[in-house]
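> The sequence and its predicted three-dimensional model are supplied below.
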Amino acid sequence: MEFSARSGDTGEPCDLVTVPARQGLEAVDILRRGATPAVGPVLHDGPCDTLGFLVPPGTAEEWDVPGSACTQTNGRGLRIPAEPPVTGSDWLLPPDTAGPVTDPAVLREALGEAARLIEAADRCS
C-alpha cells in the first residue's frame, strides 16, 4: 500500500501500518471491543487485500511485528487525509468517524491476538 499526500491533507501527521486484510479485520474487532475503543482511521486496499492503520509519526522506527509493514511518512508532510490516499482503496474507518491515530502498542497487542485467533481457527478447519 503506497501512502501519498494529496493537496487537501490537513489532519495530523501519521505513519501507516499495513497488514493482511484478514488479520487487520480481526484486529479492528478486537480494538473496537476494548473497554475504551482504541482504533483510529483504517484504510482498506481491496486490490492488495490489506488494511492500513494510521499510527503516530515515528512508529516505523520501532515497528517489528512479523507479517506487517510500517511506512514512515513523518517529515514528508503527510497528514491524515479526508479522502483515501491510495488509488483503489477506501476507508474502513474514516477519519471523521474514528478516533485519533491508533496507539502502536495497543495495535501490536491486537495484531498478536488476531494472529492467534486466525491460527486457532485454521487448525479447526
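That came through fine.
> Only C-alpha atoms from now on, for both contacts and neighbour counts.
Fine.
> From the contact counts, what lies against the lowest-mean-pLDDT helix or strand in the chain?
Lowest on mean pLDDT, DSSP states H and E among the helices and strands of the chain sits strand 89-93, with a mean of 89. Helices and strands touching strand 89-93, by 3 or more CA pairs under 8 Å, 6 or more residues apart in numbering; DSSP states H and E, are strand 42-45.
> Distance from the strand it packs on to the middle of the chain?
7 Å (CA atoms, centre = their mean, to the nearest Å).
> on contacts alone, who are the packing partners of that strand?
On a contact count with 3+ CA pairs under 8 Å, 6+ apart, strand 42-45 meets strand 50-55, strand 89-93.
> Only the buried residues of stretch 60-71, if you could.
For stretch 60-71, the neighbour count (16 or more other CA atoms under 10 Å) marks Ala60, Trp63, Ser68, Ala69, Cys70, Thr71 as buried.
> For those residues, which two are the farthest from each other?
For the buried residues of stretch 60-71, the maximum inter-member distance is 10.9 Å, found between Ala60 and Ser68 (CA to CA).
> distance of Ala115 from Glu61?
Separation of Ala115 from Glu61 (CA to CA, to the nearest Å): 22 Å.
> Relative to the least confident helix or strand of the chain, what are the paired strands and their orientations?
Take DSSP bridges as the rule and strand 89-93 pairs in its sheet with strand 42-45 (antiparallel).
> what is the mean pLDDT for the strand it pairs with?
Averaged across strand 42-45, pLDDT comes to 92.
> Using CSV, write out the CA atom coordinates for it.
Taking Å, rounded to 0.1, in the frame of the first residue of the first chain, the C-alpha atoms of strand 42-45 are listed here in CSV:
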residue,chain,number,x,y,z
VAL,A,42,-8.2,2.4,8.8
LEU,A,43,-7.8,2.1,5.1
HIS,A,44,-8.9,-1.0,3.1
ASP,A,45,-6.8,-1.6,-0.1
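> Can you tell me the closest non-neighbouring residue to Val39?
Excluding its sequence neighbours, the residue lying closest to Val39 (CA to CA, 6 or more residues apart in numbering) is Thr102, at 5.0 Å.
> Doesn't that neighbour lie inside a strand?
No. Assessed with DSSP: H, G, I helix; E, B strand; the rest coil, Thr102 is coil; it does not lie in a strand.
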